[in-house]
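**Q** Sequence plus the predicted model coming up.
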Amino acid sequence: MTTFTLSPAVVQVDAALLARFRAGDDQAFKSLHDRYAPALRAYIYRSMLRNPEDVEDVMQETFASAARAWRRNDYQTLAVRSWLYTAARNHVINLVRRPASRVRHADLDDHLHVPSLFGDPARALEVRQTLDDLFTDMRVLSERQRQTLVLGEFFGLSQQEVADALGTSVSSVTSSACRARSTVTSRRRSRLEAVGAVSIGPR
């Protein structure tokens, strides 16, 4: 997980703004938003999402969550920046954790850049059909295998980043990814064999 080292002055300003917000000063929350929104938006875009609309959705959810949580006095101490980055990461993971049956092409087209890679409409349709089959195959994966596959293959996170996001080890990510790929590949092979599209040699 990313670790941030902030100067004592920054921490003091954050604490003062947070105290003002808890006392009912909404302008203090806007100040906290303005302090961290640009860097947080860039982090989400660079590290986890490529679709600007998805990035803005996560930004809105993150700061809405912050407004609700920070109003309470549950936190004796609160590292504002770390809280925001952790919340943003969790919102992205929640997006990935949706039941596989609800995954739509629109969710991932921008990440896969299908239109730009295949200007030919017929080719684009073929690619989307392949994606349709892939999403169907992914429904049989365990939740962890599907999360690992989507974060690594679709969102382009490294194995270390996937491990950090899912709160597990790199070795576990490697194992889950291998099993997920094996399952998806096996199902694709079976589907193609069933329609006689390919001839598979000895296994």
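**A** Right, received. Where do you want to start?

**Q** any weak-confidence spans in the protein?
**A** 1-6, 46-50, 73-77, 96-128, 131, 154-156, 196-203 (pLDDT under 70).

**Q** could you pull out the helices for this structure?
**A** 8-22, 26-47, 52-71, 80-96, 105-112, 114-117, 121-138, 143-149, 159-166, 170-194 (DSSP state H).

**Q** With mean neighbour count added, can I get these in TSV?
**A** C-betas here are computed from N, CA, C, even on glycine. Rendered in TSV, the data for these read as follows (neighbours: other C-beta atoms under 10 Å):
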stretch	mean neighbour count
helix 8-22	15
helix 26-47	16
helix 52-71	16
helix 80-96	19
helix 105-112	15
helix 114-117	12
helix 121-138	14
helix 143-149	20
helix 159-166	19
helix 170-194	15
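
**Q** Residue 168: what's it in contact with?
**A** residue 144 (C-beta atoms under 8 Å, 6 or more residues apart in numbering).

**Q** quick one: it from residue 43, how far?
**A** According to C-beta to C-beta, to the nearest Å, residue 168 stands 21 Å off from residue 43.

**Q** isn't residue 59 right up against residue 41?
**A** Yes - using C-beta atoms under 8 Å, residue 59 is in contact with residue 41, at 5.8 Å.

**Q** and residue 32, how far is that from residue 86?
**A** According to C-beta to C-beta, residue 32 stands 15 Å off from residue 86.

**Q** what's the answer for residue 157, then?
**A** Residue 157 sits 16 Å away from residue 86, going by C-beta to C-beta.

**Q** same deal with residue 190?
**A** On the measure of C-beta to C-beta, residue 190 and residue 86 end up 41 Å apart.

**Q** Same question for residue 30.
**A** Distance, residue 30 to residue 86, using C-beta to C-beta: 21 Å.

**Q** How about residue 135?
**A** 29 Å.

**Q** and what of residue 93?
**A** From residue 93 to residue 86 the distance is 11 Å (C-beta to C-beta).

**Q** now residue 16
**A** Going from residue 16 to residue 86 by C-beta to C-beta gives 22 Å.

**Q** Likewise for residue 165?
**A** The gap separating residue 165 from residue 86 is 10 Å, by C-beta to C-beta.

**Q** Can you pull the residues that touch both of those two?
**A** With C-beta under 8 Å, 6+ apart as the test, residue 165 and residue 86 reach no residue in common.

**Q** got the contact list for residue 52?
**A** Neighbour list for residue 52: residue 45 [criterion: C-beta under 8 Å, 6+ apart].

**Q** oh, and call the first residue 458 from now on, that's how I've got it
**A** Okay, residue one is now 458; in that scheme the one you just asked about reads as residue 509.

**Q** where's residue 524 relative to residue 517, distance?
**A** 11 Å.
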